[in-house]
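# sequence plus the predicted model coming up.
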Amino acid sequence: MAVPLLIALSYVVIAFSVAFLLIYAIRHYVFGFSRLRIEVPKDVMELTGFHMPRVTVLVPMHNEERVAADILQALVDCDYDWDKLEIIPVNDRSTDNTRSIVDGFARKFPFIHPYHRTEGAGGKPAALVEACERAAGEILILFDADYVPGRAILKMLVAPFADPETGAVMGRVVPHNIGDSLLAGLLSLERSAGYQAARQSRYNLGFTAQFGGTVGGVRASALQAVGGWNPESLTEDTDLTFALLLNGWKTAYVNRAECFEEVPRSWSVRKRQLSRWVTGHTECLHNYWPELMRSRFLTGWEKLDAVLLLAMYWTAPMVVLGWIASLLLFFIPEAHQTPLLPLALAFLGYQLFANQATFLEIGAVALLDGTRVGTLLMPLNLLNFFANTGAICNALRKYYWNRFWGSGGDGWYKTHRTRLSNGGPNGHFFGGAHAASAAERSAWGLYHAQAPGD
Amino acid sequence: MTFLFFSFVFFALFYMHFALAHRAWLMIRGKQSAELDMGYVRLEDFFGQSFRAKLSGWLKTAPQQASSTAALRVFDRGNERIFVAHGASYPAGRRETEVLVIEGDFTCGGDCSFERELMVKGDCAIGADTHLQAVAVDGSLNLGEGAHVRRWVDAAKHLTLGPDVQVESRVTSRSSIEFLPGAKALSLFASEIFTEGRHDAKLRVEIAPAVIVQIPHPASMKEPAHGYDPAKLHAMGGGTYLYDGALRVSAPLHVTAPLVVRGELSCEQESLFEKDVKAQGDVEIGAASMLKGNLIAGGAMKLGPNTYFQGLLHAGGAMRLARGVRGLREKLPVAAYAAGDLIVESNVVVNGKLASARVVKALSTPVAWLE
Amino acid sequence: MLKAPKEQTLEEMLMSVQVEGIRPPAATGRSSPRNRIYPHRSVRSVPLTAARVIAGVVLALLLSSLNAYYAVPIMELHSIVAAKLVDLAGLPVTAWPPVDVFPGLQPGSAPMIEIPAFSQVSTGARIALIASIVMLLIAAARFSLFRNLAYFLIVLLALSAGRNLVFETFRLQSTMFGQVWLRQEMLVWLVMPWVLLLLFVLPHPRVAGGLGWVIFLYAYGFFYSAVRMVFILGVMHYTGLLFMPVLWFAFGTLSDLLYVLFFYSIAVNRVSGELWGTRSAWQSHF
């Protein structure tokens, strides 16, 4: 009696798993093709430089002596009008030389207003909560300390706020350390697909782009309206995206606002990062899905997209459940005689279809970006797929264990970076010194005496 | 033993599927991405400035041909040459296939053809129906009727786009652009852009009715009136409001807070938008209205005659700026962008930029037509 | 040579330059100079042309229909190719009896070969099992990215060994393996043209190029399926069912995914470099 039940259960699990993953496969195909064929990407680049509200740039820092000077110099060199710019380095209880570096910049540039945090709860969200209270800008732009913003990025990120519906904005992050490890190279492919394909498509299709917490910004009044940063959340950026969405605000995406980032080079760092994302994301799913379903501000498609976005990490256990069910059928001799075995096999065949969908996005982006060598790494991305699947399942297991049994979850921690101070405006990324001229930073900021060649 | 050999071949075949990935990894190992131009700054007149900078470099490095004279210097640049002269006047019908640099003034008759860039350091007048690649002028520039430019046009002083001139890319001037009827471009940027008839008599606009619809509405307003339903207005927080549905107001509209309309938006003449407004559908603004904030439309946008805007206009579809529209504000230039065609009627003056993903076109709309 | 007499006006000099035709060789066919410009990647697009969509859909429909309509001859051909490979691999296959693959369909044929029960498996095979587990453990320790996959494979091996220990007498007939393999691959081949349509035809700028990839991959997939089947059959013949789940997992549909991915990466690499990667492909007004 137990064996036929087990067989029947396996088929049900497989059918459910196939259906669940099929939805995500279709979603990936839609985004991939949508991005490929967008003739006029929805963007506000033509308005860049014409909308210049007062901006506060927040740079959370915790023991960032190696990179603090780089990012502050890069921000100072941006072509945004200094009269409308405020930079707040949020020195969150650093024990190294960060404080003196930040203070040095503040003495030199009056629009840099450091906030030295010496007590209170740890973590970026908690630091942001306090720093935002001191920010004077209408728009708050965020950069992690190890990012190196280009000179035009502030104007680009601010432009979408000309639209009163825009509550937050997100730029494109581009990994620079692609050769640090195979993992970094593979993550570079993943990032490209996630930004150039998925985010741009979602934005064009009228869905909200996801705010990533760095290389992005938020409207101060909107942030205040939704109660500010959620210091309890491990992914305060995702939390904010959906809090805004529930109140009718959209997150815009600026594909041209590109910024280098460092992706994890070791699996242990990546695993912790992934674990934090999974936990934070899933927490948001549980917190927001009932309200999302009831929201008067969202259409049916927007609701579906939002829930699918929040539930995306569930695909990993669904894949594993499907495998387990297939294995059960394989190991039970009686199952071999059932006519439904092709269904189980269809699941395996389906994996081919579903998994290719994510690769289509990578391929589409390679065509658009002109990436050549990196594209050939795609077969090795299977390793990343298996590694991610395991890590996500483990993180979800921990999350639900904590949720149901009430034990403490993961705390917020900083993703470990390895970059040395060589990437600032005078280093590798810029290929030489750059100093913004007063004319560039001026209100017009549109002319340049000696334009660079193309 | 045979099977062992077969297995070896099989694994070799299996590895082949990873071989290129392996090779690619070895190629990028230890390298850093250099994809981004970190020093990039967006410049409206980038093409003109970039060309000037490149030209200056070419003239320094390219060898001068022995046959050059004082009046005409010829520089060799691989598959093209650069002619440098002090000043010139081309007759009608001339065809020029090389880069031409004129250090003084330049004029050409009608129906000429310039297959490569033209750089003029003085003033420049181009004859009707002339075909050009791109033009950079340090003085003023007049593009005659029906001239066609395949790429961009940049002038330091006043620039006239004559009737039916077509520029396939950007037009920029540090001074002003006169955009005559039938002229087309992808975008125009100048301290002042104006169409024909800017000094014509103003279009008469009927006095608006005394009724005004205000958003957010006063607390006393409970019932729908003039196309506005107070029950559809929701606060998004942060002082911003959302109107859930189309908003077609049959009276002047006074918007005092940032507003998002989930549908079309239309209002009567003499409306006043004090803050940013966005409508997800089409937008039609009545005559003689004042837009102090930005106006964003998901669909098409039409500004009624004599409307004055002080911010940005952005339309997901076509846009039409009716006769007498003015775009101006302090300190910053204004801008109007349409993903569809941007039609600009007569007597429109915009201090800043007009751009479209398709075409910006000037249209002749004499007052006589309208009244 | 430029022959511009001094007494000529500038205008005449310029004229003479042209009349004498000393333009570079490009005059005989150089491309139109600097057409427009190379747009930034953030605004590029690959338009889907009707030709590509129609050609791709027609081909996918054709291949799927042929696969369904000629299922029996296709299975037969697969068996013929597999039989050749069995000979090459030196496997003692005794017969190719008919097996039912799908209800209502004429049977295909599957190889018959001795597969030993656990109790009959050689010591060498058992040592190979342990060695595999050890190797996977070493690989897991050394390559962190491989760790999860390695652990999964170890679990499969352990389960397989455990199952064989518990059900010592359980034997899987090779014909049954062949039957299940054919079922799986037939399903893959039904889906494959549509996957290939999406991956190879639609984003490919040349219709013929995209269609060429589809036909090549269909043929390759067919051949590679036979190779994999014969390899698994051989391993089963020498080691029983010890490695069966691992082999099924690694060289089953996952391998189908792998080869599609491999060739997709090549196709994208070439297209990205050859056509979409060139400036002319991205000419833009901006």
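Noted; the coordinates are in hand.
# what about chain A, any weak spots by pLDDT?
Along chain A, segments meeting pLDDT under 70 span A:1, A:39-41, A:43, A:333, A:336-355, A:407-454.
# so what are the domain limits for it?
A:2-36+A:312-405, A:42-297 (automatic domain parsing).
# tell me which of the ones you listed lies nearest to chain B.
Nearest to chain B among the domains of chain A is domain A:42-297; the distance by Cβ to the nearest Cβ comes to 2.4 Å. The C-beta positions use only the backbone N, C-alpha and C, and glycine is treated the same way.
# what does the stretch 101-250 of chain A put close to chain B?
Within reach of chain B by Cβ under 8 Å from any Cβ of the partner chain, the stretch 101-250 of chain A has these residues: A:148, A:150-152, A:155-156, A:162-165, A:174-180, A:182, A:185, A:188, A:219-226, A:247-249.
# among those, which ones are in helices?
Taking DSSP state H, the ones among those that sit in helices are A:Lys155, A:Met156, A:Leu182, A:Gly185, A:Ser188, A:Ala220, A:Ser221, A:Ala222, A:Leu223, A:Gln224, A:Ala225.
# how about C:Pro245: what's its closest non-neighbour residue?
Distances taken as Cβ to Cβ, 6 or more residues apart in numbering or on different chains place C:Leu156 nearest to C:Pro245, at 4.5 Å, with adjacent residues excluded.
# what comes into contact with the strand or helix carrying the one you found?
Assessed by DSSP states H and E, C:Leu156 sits inside helix C:147-166. Outside helix C:147-166, the residues that touch it by Cβ atoms under 8 Å, 6 or more residues apart in numbering or on different chains are A:267, A:327, A:331, A:383, A:386-387, A:389-391, C:117-118, C:121, C:129, C:132-133, C:136-137, C:139-141, C:170, C:240-246, C:249-250.
# could you pull out the strands for chain C?
C:98-99, C:108-109 (DSSP state E).
# can you pull the contacts of the closest residue to chain B within the stretch 151-286 of chain C?
In the stretch 151-286 of chain C, the residue that lies nearest chain B is C:Phe262 (4.2 Å; Cβ to the nearest Cβ). Contact partners of C:Phe262, counting by Cβ under 8 Å, 6+ apart, are A:Met378, A:Pro379, B:Met16, B:His17, B:Phe18, B:Leu20, B:Ala21.
# and the two most separated of these?
Maximum pairwise distance among the contacts of C:Phe262 (Cβ to Cβ): 14.4 Å, between A:Met378 and B:Met16.
# those two - which one has more neighbours?
More crowded of A:Met378 and B:Met16, by other Cβ atoms under 10 Å in any protein chain shown: A:Met378, with 24 against 11.
# my read is the more buried one is in a strand, agree?
No. Counting by DSSP: H, G, I helix; E, B strand; the rest coil, A:Met378 is not part of a strand but helix.
# let me see the contact set for it.
So A:Met378 contacts A:Leu189, A:Phe359, A:Ile362, A:Gly363, B:Ala21, C:Leu261, C:Phe262, C:Tyr264, C:Ser265, C:Val268 (Cβ under 8 Å, 6+ apart).
# if you set the cut-off to 7 Å instead, what comes out?
Contacts for A:Met378 (Cβ atoms under 7 Å, 6 or more residues apart in numbering or on different chains) come out as A:Leu189, A:Phe359, A:Ile362, B:Ala21, C:Leu261, C:Tyr264, C:Ser265.
# deepest-packed of the domains of chain A, please.
domain A:42-297 (a mean of 22; mean count of other Cβ atoms under 10 Å in any protein chain shown).
# would it count as contacting chain C?
Yes. With Cβ under 7 Å from any Cβ of the partner chain as the criterion, chain C is reached by domain A:42-297 at A:Leu182, A:Leu183, A:Asn255, A:Arg256, A:Ser266, A:Trp267, A:Ser268.
# tell me where the longest strand sits in chain A.
Max-length strand for chain A by DSSP E is strand A:250-261.
# tell me the helices and strands packed up against that strand.
Identification of packing neighbours for strand A:250-261 by 3 or more Cβ pairs under 7 Å, 6 or more residues apart in numbering or on different chains; DSSP states H and E yields helix A:153-158, strand A:166-175, helix A:200-204.
# could you redo the last one with a cut-off of 6 Å?
helix A:153-158, strand A:166-175 (3 or more Cβ pairs under 6 Å, 6 or more residues apart in numbering or on different chains; DSSP states H and E).
# please produce CSV containing these, extended by distance to B:Gly139.
Formatted as CSV, the helices and strands packed on strand A:250-261 follow (distance: least, Cβ to Cβ, whole Å):
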stretch, distance to B:Gly139
helix A:153-158, 30
strand A:166-175, 40
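# for those, which one sits closest to B:Gln280?
Among the helices and strands packed on strand A:250-261, strand A:166-175 comes nearest to B:Gln280, with 12.8 Å by Cβ to Cβ.
# for chain B, which residues are neighbours of chain C?
Proximity of chain B to chain C, by Cβ under 6 Å from any Cβ of the partner chain, involves residues B:2-3, B:6, B:10, B:17, B:65, B:67, B:71-72, B:79, B:85, B:88, B:97, B:116, B:168-169, B:186.
# any of those residues buried? List them.
For the residues of chain B next to chain C, a burial check counting by 16 or more other Cβ atoms under 10 Å in any protein chain shown picks out B:3, B:6, B:10, B:17, B:71-72, B:85, B:88, B:97, B:116, B:168-169, B:186.
# and B:Lys54, how far from A:Gly150?
Separation of B:Lys54 from A:Gly150 (Cβ to Cβ, to the nearest Å): 22 Å.
# coming back round to it: what's the closest of the domains of chain A to B:Val213?
Across these, B:Val213 has its closest neighbour in domain A:42-297 (18.4 Å, Cβ to Cβ).
# pLDDT weak spots in the stretch 101-250 of chain B?
Scanning the stretch 101-250 of chain B for pLDDT under 70 picks out B:201-209.
# quick check on the closest residue to chain A within it: phi, psi?
Using Cβ to the nearest Cβ, the closest approach of the stretch 101-250 of chain B to chain A is made by B:Gly237 at 2.4 Å. Note on B:Gly237: its backbone torsions stand at phi 100, psi 160 [degrees, to the nearest 10].
# and if you look at B:Leu303?
phi -100, psi 130.
# if I look at it, how far off is B:Leu312?
B:Leu303 sits 13 Å away from B:Leu312, going by Cβ to Cβ.
# how about residue 314, secondary structure?
You didn't say which chain, so I picked chain A. Taken by three-state DSSP, the conformation at A:Trp314 corresponds to helix.
# I was thinking of chain B, sorry if that wasn't clear
Secondary structure assignment for B:His314 (three-state DSSP): strand.
# in chain A, where's the longest helix?
Identified as the longest helix of chain A according to DSSP H is helix A:2-37.
# ok, now chain B?
Longest helix in chain B, counting by DSSP H: helix B:2-28.
# and what of chain C?
Criterion DSSP H: the longest helix present in chain C is helix C:207-239.
# domain-wise, how is chain C divided?
C:1-31, C:49-115+C:172-282.
# would you list these in a markdown table and tack on mean pLDDT?
Listed next are those as a markdown table, based on pLDDT from 0 to 100:
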| stretch | mean pLDDT |
| --- | --- |
| domain C:1-31 | 34 |
| domain C:49-115+C:172-282 | 86 |
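# of the domains of chain A, which is nearest C:Pro107?
The nearest among the domains of chain A, by Cβ to Cβ, is domain A:2-36+A:312-405 at 15.0 Å.
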